Every structure is written in C-alpha cells, then in structure tokens.
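>>> Fold the stuff below for me.
(2 chains)
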Amino acid sequence: DQQVKQNSPSLSVQEGRISILNCDYTNSMFDYFLWYKKYPAEGPTFLISISSIKDKNEDGRFTVFLNKSAKHLSLHIVPSQPGDSAVYFCAASAFSGGSNYKLTFGKGTLLTVNP
Amino acid sequence: GAGVSQSPRYKVAKRGQDVALRCDPISGHVSLFWYQQALGQGPEFLTYFQNEAQLDKSGLPSDRFFAERPEGSVSTLKIQRTQQEDSAVYLCASSLFPGSYEQYFGPGTRLTVT
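Numbers count the residues shown, from 1 in each chain, chains lettered A, B, ... in the order given. Down below sits the predicted model:
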C-alpha cells in the first residue's frame, strides 16, 4: 500500500521551461513533506521541504506547493537547467514515537532537461 | 564538513553468506536511519537509532537483519544468510537531533546476492 505516490515515472522538459513534478499521499498523519534529488550512484540530497501549516515554500528556482485537502504536492523548477536532470523523490514524515521522523518515499520521477 | 559515508560501496555475496554494511554518520548527528532501496523503488525505512538506542526496528524485513550502533556514532547493518531478495541499495541517513525532519544520506551500499 503506497502511502506516497509519484505517478509519473519520467518527465522531459526543454531548458529554460518550467518543470512540474507531482506527488500524492494518502496518510493524513503526514505533517511534513520533502523533496530529494538523486544522481546515479549517489545518495539522495535534500532539496526543499514544506510543513503542513503552509501551502507554499520557495527557494530560488524551486517552489513546493501543498494542497492538504487534495493530499497533493508539487515541485516547480523555473527555469529548468540541464544540471537539474536527476531522479526526484517526494517524501513525507509523521512523528512515529521516540522522536522518530522516518521518511516515507514515493518511487521517484526521472526528470530530463534537454539543452 | 564530511558527509555521511558508507562502506563498502558495492558488495557481491553468494546466497547464504553473511554481510556487514557500515555507516559513518555526520559527526555529532544524534539520529541515524537505515533504508533499503530496491530497483525502481523509493527508499524504504528499516530502522532508527537515537544515539546508541535502537528505538524503531519496525521496517526490518526479517530476523536475518540486525543493526547496531554501540557507541552512538558508527552503525553496522548485518544481514545473515543472504537471499536474492535482499539485493538492493542500502542507504544510511543521519540528522542532527531528534525531531529534525531533514535527513542527510550517504551514497549507499549496493548489495547483489547471487
């Protein structure tokens, strides 16, 4: 039972255009959401996050939007650059006891930005 | 400063062998997590340490999996009698303090069981 879903396995965009990556979740206990970026043979690196008390968080070219009623979040990258080509994971967290904020990940979306 | 490091980066084991995977978290990070990432999937939680205490091991798939962090820094994930379904990338992550949502990941150990 996938609690975090990324329904698009891949996305291809042109350099300079907007990339929109989507994520849906089912567990209403999730209260913090993160996006991680992963290059081949490397571990995921933290990109941006959002608390459930907000609906938008922006960091440079990256913006995350959260729609709690729809249990949906999206990551916008504007403008997209070839170096953004990577797998993007959506992750969610809820307190699990003992200060455990374990992350639940989606399957990831492979973003390819074409020059 | 140095990030999370893991060793070995690649491990090939014959079915039935025992393996030990090492994680060196960022210095001073209290929380340590292990995740398993199968091919084409996202990382899945295995276990969580706060200092040397293993507070959550609900994700360990069987009693063949064992993790420890005896001095509250380096951690070892041990898999006994490896099976083919254990083939995956094993990721270690650490965070500065309990209650910190953001985790810093190592590069992972790719385990292949033949």
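>>> show me where chain B has strands.
Taking DSSP state E to define them, one finds strands in chain B at B:5-7, B:10-13, B:19-24, B:31-37, B:44-50, B:53-56, B:65-68, B:75-79, B:88-95, B:104-105, B:109-113.
>>> got a list of what the residue nearest to residue A:29 when sequence neighbours are not counted touches?
Among residues not flanking residue A:29 along the chain, residue A:94 sits closest, at 4.2 Å (C-beta to C-beta, 6 or more residues apart in numbering or on different chains). For glycine as for every other residue, the C-beta is placed from the backbone atoms N, C-alpha and C. Residue A:94 sits next to A:27, A:29-32, A:101 when contact means C-beta atoms under 8 Å, 6 or more residues apart in numbering or on different chains.
>>> repeat for residue A:65
Counted by C-beta under 8 Å, 6+ apart, residue A:65 has contacts A:55-56, A:73-74, A:76.
>>> Kindly state the beta-bridge partners for it.
Counting by DSSP bridges, residue A:65 is bridged to residue A:56, residue A:74.
>>> and stretch B:97-112, which residues are buried?
Buried residues in stretch B:97-112, defined by neighbour count with 16 or more other C-beta atoms under 10 Å in any protein chain shown: B:101, B:103-111.
>>> just how off-centre is it within its chain?
8 Å (C-alpha atoms, centre = their mean, to the nearest Å).
>>> right, is that stretch up against chain A?
Yes. Interface with chain A: stretch B:97-112 contributes B:98-108 (C-beta under 8 Å from any C-beta of the partner chain).
>>> can you put these in a markdown table and add pLDDT?
Listed next are the residues of stretch B:97-112 next to chain A as a markdown table, based on pLDDT from 0 to 100:
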| residue | pLDDT |
| --- | --- |
| B:98 | 80 |
| B:99 | 76 |
| B:100 | 80 |
| B:101 | 82 |
| B:102 | 86 |
| B:103 | 91 |
| B:104 | 94 |
| B:105 | 96 |
| B:106 | 97 |
| B:107 | 96 |
| B:108 | 97 |
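>>> on that earlier part again, by neighbours, which of the contacts of residue A:65 wins?
residue A:73 (25 neighbours; other C-beta atoms under 10 Å in any protein chain shown).
>>> per-residue pLDDT, it?
For residue A:73, the pLDDT comes out at 97.
>>> And for residue B:1?
54.
>>> Pull the contacting residues for residue 48.
Answering for chain A, as no chain was given. Residue A:48 sits in contact with A:34-35, A:57, A:59, A:62-64, A:75, where contact means C-beta under 8 Å, 6+ apart.
>>> look at chain B instead
Contacts of residue B:48 by C-beta under 8 Å, 6+ apart are A:98, A:100, A:102, B:31-34, B:54-57.
>>> Relative to residue B:88, which of those residues is nearest.
residue B:34 (11.3 Å; C-beta to C-beta).
>>> Quick check: residues of chain B near chain A?
So far as C-beta under 8 Å from any C-beta goes, chain B lies against chain A at B:4, B:31, B:33, B:35, B:40-45, B:48, B:50, B:55-56, B:59, B:91, B:93, B:95, B:98-108.
>>> go again using 6 Å as the cut-off
Within chain B, the positions near chain A by C-beta under 6 Å from any C-beta of the partner chain are B:41-43, B:45, B:48, B:50, B:55-56, B:91, B:98-99, B:101-102, B:105-108.
>>> Once you drop chain neighbours, what's closest to the most centrally placed residue in chain B?
Nearest residue to the geometric centre of chain B (C-alpha atoms, centre = their mean): residue B:34, 3.4 Å. Counting by C-beta to C-beta, 6+ apart, residue B:34 lies nearest to residue B:46, which is 4.2 Å off, once chain neighbours are set aside.
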